[in-house]
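Peer 1: how would this look folded up:
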Amino acid sequence: MSEYIGALDQGTTSTRFMVFDRTGRIVSVAQKEHEQIYPQPGWVEHDPLEIWRRTLEVIDEAVEARGLRAKDLACIGITNQRETTVVWNRLTGAPVYNALVWQDTRVADYVARLAQDGGQNRFQAKTGLPLTTYFSGLKICWILDNVKGARELAEKGDLLFGNIDAYLLWNLTGGINGGVHVTDVTNASRTQLMNLETLNWDDEILGIFKIPRSMLPAIRSSSEHYGDMKRTSLAGVPIAGILGDQHAALVGQTCFKSGEAKNTYGTGCFMLLNTGEKRVISKNGLLTTLAYKFGDQPAIYALEGSIAITGALVQWVRDNLRMIDKSEEIETLAQTVKDNGGVYFVPAFSGLYAPYWKDTARGVITGLTRFANRGHIARAVIEATAFQTREVVEAMEADSGISLEQLRTDGGMVQNEMLMQFQADILNRTVVRPQMRETTALGAAYAAGLACGYYKDTADLISNWAVDRVWKPQIEDADRDRQYKQWKKAVTRSFDWIDE
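Peer 2: Residues are numbered from 1 along each chain as shown. Predicted coordinates for the structure are as follows:
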């Protein structure tokens, strides 16, 4: 049997390829960033062709760094930024427009128009999702309505849609020469076009959105053989796992029991709670989504709290305000003050996601006095992530009836120990960081490994998970309540900044 498994991790800001051994240890990794395109306020785009080039580069670089060959890898999995929408020509392989990124808000008028008939939750019973700018379906509508000739080509059957997973899979398995047009249930559940019960595209919603069914990929499980690599130095290696990035992190954290939860701290913050085979429709501003589906086994569902801007706020402070040179310097700057000095930063750059779903909100900094300095703003930046996470935890506990005893964390921001301690403080819960922090890529590799026989079952995966560090609450209840009350007040100041 081959010694290793691989994972292609295509994220919001970069693409990387990672090779793991059987214990989940990283053997090799290569990573490259891609351009963030902002044509106008609220619009966020990526160049799909640049992402495709980066994909080819990182696969070859990671393999060459360790002198690996195709026979050394049993299979690979794909994980991806979800909701980011690509439409391309099946005959030429060329995208008809840039990818519309999950953060993009240009479809706000579509949301408002559709909500007039049935309200913001008119599709929630079928899809588990509210009407908002976040999901792929309305982004497809915008491309068909605004790119010259796109709707005609789509109705002829010449255009294909995919989240980034489907776009890369199609290209990796041959593209115009027999590429496989497939997605998995987790990515399909983020389009607002899939019925959570049937796990198939919903014809009624497709009719309302005016999206030709011929554009859509076939929906498959998260762990099965989709096709073989035709490009790169790994030609012939099976592609056997697909998971949206947050679902992959849930799998990488081995949260296979109902009631287990993880929170990924990346560009945004995404908390998923495994609810087992039960679909829980939220009454508190959360999303009902597919957690994963392994082959012929039953689909497993999750509640999700999605926060748009967390790590992206640190990047904004670095790139737009130039308060720091490197992202990790935010913690050092925040340590120059003993508290936030009454400053609260609500980063509603793309509106507010869970639990509010207010597309008309915008970012605000409140509580400023002449006492406030760079350190207080840095501290407010860090604390914003923890406050937003608490809002999601409260909604999750209300919906599920489950009281979380601990929160498993992963993602780039978990290296910030001030954040991890404040998260424990403001949640009044234990926060746990695993030894393996790259759980998103690992989860995709795990899904592939289960499909190709590299792993026997999920018990093999659970045995790999180990704790790195634990944080426990250290502040008084009165202080916790005071700070959270001020945060909630600050959030209300961001509401309705943009007129409907």
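
Peer 1: where along the stretch 301-450 of the chain do the helices fall?
Peer 2: 311-319, 329-334, 374-400, 417-427, 439-451 (DSSP state H, counting those that start in this stretch).

Peer 1: dump the ones you listed into TSV; add distance to Ala115 as well.
Peer 2: Heads up, the C-betas are built off the backbone N, CA and C, glycines and all. Listed next are these as TSV, based on distance: least, Cβ to Cβ, whole Å:
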stretch	distance to Ala115
helix 311-319	26
helix 329-334	37
helix 374-400	21
helix 417-427	33
helix 439-451	32
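
Peer 1: report the contact partners of Glu260.
Peer 2: The contact partners of Glu260, by Cβ atoms under 8 Å, 6 or more residues apart in numbering, come to Gln253, Leu273, Asn274, Arg408.

Peer 1: export the helices of the stretch 301-450 of the chain to CSV and tack on mean neighbour count, distance to Ile51 and mean pLDDT?
Peer 2: Listed next are the helices of the stretch 301-450 of the chain as CSV, based on neighbours: other Cβ atoms under 10 Å; distance: least, Cβ to Cβ, whole Å; pLDDT from 0 to 100:
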stretch, mean neighbour count, distance to Ile51, mean pLDDT
helix 311-319, 20, 18, 91
helix 329-334, 20, 27, 94
helix 374-400, 23, 26, 94
helix 417-427, 21, 29, 96
helix 439-451, 31, 16, 95
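
Peer 1: out of those helices, the one nearest Lys472 is which?
Peer 2: helix 417-427 (5.8 Å; Cβ to Cβ).

Peer 1: what helices or strands is that closest one leaning on?
Peer 2: If you count contacts as 3 or more Cβ pairs under 8 Å, 6 or more residues apart in numbering; DSSP states H and E, helix 417-427 packs onto helix 329-334, helix 374-400, strand 406-410, strand 430-434, strand 467-471, helix 477-493.

Peer 1: how far is that helix from where the chain is centred?
Peer 2: 22 Å (Cα atoms, centre = their mean, to the nearest Å).

Peer 1: what does that helix contact?
Peer 2: Against helix 417-427 from outside (Cβ under 8 Å, 6+ apart): 265, 331, 334-335, 382-383, 385-387, 389-390, 393, 407, 409, 413-414, 430-431, 433, 469, 471-475, 480, 483-484.

Peer 1: quick one, it and strand 430-434 angle?
Peer 2: Taking axes from the mean of the first three to the mean of the last three Cα atoms, to 10 degrees, one finds helix 417-427 and strand 430-434 inclined to each other by 150 degrees.

Peer 1: of the helices of the stretch 301-450 of the chain, which is nearest Gly6?
Peer 2: helix 439-451 (6.5 Å).

Peer 1: tell me the buried residues in whatever helix or strand comes next after the closest one?
Peer 2: Next in sequence after helix 439-451, counting helices and strands by DSSP states H and E, comes helix 458-462. By 16 or more other Cβ atoms under 10 Å, the buried positions in helix 458-462 come out as Thr458, Asp460, Leu461.

Peer 1: just stretch 60-79 next, same as before
Peer 2: Buried residues in stretch 60-79, counted by 16+ other Cβ under 10 Å: 60-63, 68, 72-79.

Peer 1: ok, stretch 114-131 next?
Peer 2: Buried residues in stretch 114-131 (16+ other Cβ under 10 Å): Leu114, Arg122, Phe123, Gln124, Lys126, Thr127, Gly128, Leu129, Pro130, Leu131.

Peer 1: the helices and strands packed on helix 417-427 into TSV, with extra columns for distance to Gly118?
Peer 2: Shown next, in TSV, are these (distance: least, Cβ to Cβ, whole Å):
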stretch	distance to Gly118
helix 329-334	43
helix 374-400	21
strand 406-410	35
strand 430-434	39
strand 467-471	44
helix 477-493	27
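
Peer 1: quick one: closest of these to Phe294.
Peer 2: Nearest of the helices and strands packed on helix 417-427 to Phe294, taken as Cβ to Cβ: strand 406-410 at 19.9 Å.

Peer 1: and the closest one, which strands flank it?
Peer 2: strand 261-265 (parallel), strand 430-434 (parallel) (DSSP bridges).

Peer 1: any idea of the angle it forms with strand 467-471?
Peer 2: Using the same axes, to 10 degrees: strand 406-410 against strand 467-471 is 120 degrees.

Peer 1: what mean pLDDT would you report for strand 406-410?
Peer 2: For strand 406-410, mean pLDDT is 90.

Peer 1: how far is it from where the chain is centred?
Peer 2: Worked out by Cα atoms, centre = their mean, strand 406-410 lies 16 Å from the chain centre.

Peer 1: so what's the residue count around His225?
Peer 2: His225 has 15 neighbouring residues, counting by other Cβ atoms under 10 Å.

Peer 1: and it, which of the three is it?
Peer 2: The local conformation at His225, judged by DSSP: H, G, I helix; E, B strand; the rest coil, is strand.

Peer 1: for Gly259, give me its contacts.
Peer 2: Here Gly259 is in contact with Leu273, Asn274, Ser400, Ile402 (criterion: Cβ under 8 Å, 6+ apart).

Peer 1: quick one: the residue of the chain most remote from its centre from His376, how far?
Peer 2: In terms of distance from the mean C-alpha position of the chain, Arg370 ranks first, at 38.0 Å (Cα atoms, centre = their mean). Counting by Cβ to Cβ, to the nearest Å, the gap from Arg370 to His376 is 11 Å.

Peer 1: still on that earlier bit, Tyr446: which of the buried residues of stretch 60-79 is nearest?
Peer 2: Nearest to Tyr446 among those is Gly77, at 7.5 Å by Cβ to Cβ.

Peer 1: which strands or helices does the helix or strand where the closest one lies pack on?
Peer 2: Assigned by DSSP H and E, Gly77 belongs to strand 73-80. For strand 73-80, the packing partners by 3+ Cβ pairs under 8 Å, 6+ apart come out as strand 4-10, helix 164-172, strand 238-244, helix 245-252, helix 439-451.

Peer 1: what's the helix or strand following the first one packed up against?
Peer 2: Scanning forward in sequence from strand 4-10, with DSSP H and E defining helices and strands, the next element found is strand 14-20. Helices and strands in packing contact with strand 14-20 are listed as strand 4-10, strand 26-33, helix 48-65, helix 439-451; criterion 3+ Cβ pairs under 8 Å, 6+ apart.

Peer 1: how about the strands in the stretch 151-300 of the chain?
Peer 2: Taking DSSP state E, counting those that start in this stretch, the strands of the stretch 151-300 of the chain run over residues 159-163, 182-184, 194-195, 200-201, 218-220, 223-228, 238-244, 261-265, 269-276, 287-292, 300-307.

Peer 1: quick one: mean pLDDT for the first one?
Peer 2: Taken as a whole, strand 159-163 has a mean pLDDT of 98.

Peer 1: one more: stretch 173-188?
Peer 2: According to the model, stretch 173-188 has a mean pLDDT of 97.

Peer 1: and it, how far out from the chain's middle?
Peer 2: In terms of Cα atoms, centre = their mean, the centre of stretch 173-188 is found 19 Å from the chain centre.

Peer 1: contact partners of that stretch?
Peer 2: 80, 82, 90-93, 160, 162-163, 165-166, 169-172, 194, 199, 201, 217-222, 226-230, 239, 242-244, 247, 289-293, 299.

Peer 1: burial count for the closest residue to Ser214 other than its chain neighbours?
Peer 2: Spatially, and ignoring its direct neighbours in sequence, Ser214 is nearest to Gly157 (4.6 Å; Cβ to Cβ, 6 or more residues apart in numbering). Neighbours of Gly157 under the rule other Cβ under 10 Å: 13.

Peer 1: likewise Arg113?
Peer 2: Here the number of neighbours of Arg113 (other Cβ under 10 Å) works out to 11.

Peer 1: select only the buried ones of the contacts of stretch 173-188 in ChimeraX?
Peer 2: Written as a ChimeraX command, the selection of buried residues from these, which uses 16+ other Cβ under 10 Å, is:
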select :80,82,90,93,160,162,163,165,166,169,170,171,172,194,199,201,217,219,220,221,222,226,227,228,229,230,239,242,243,244,247,289,290,291,292,293,299
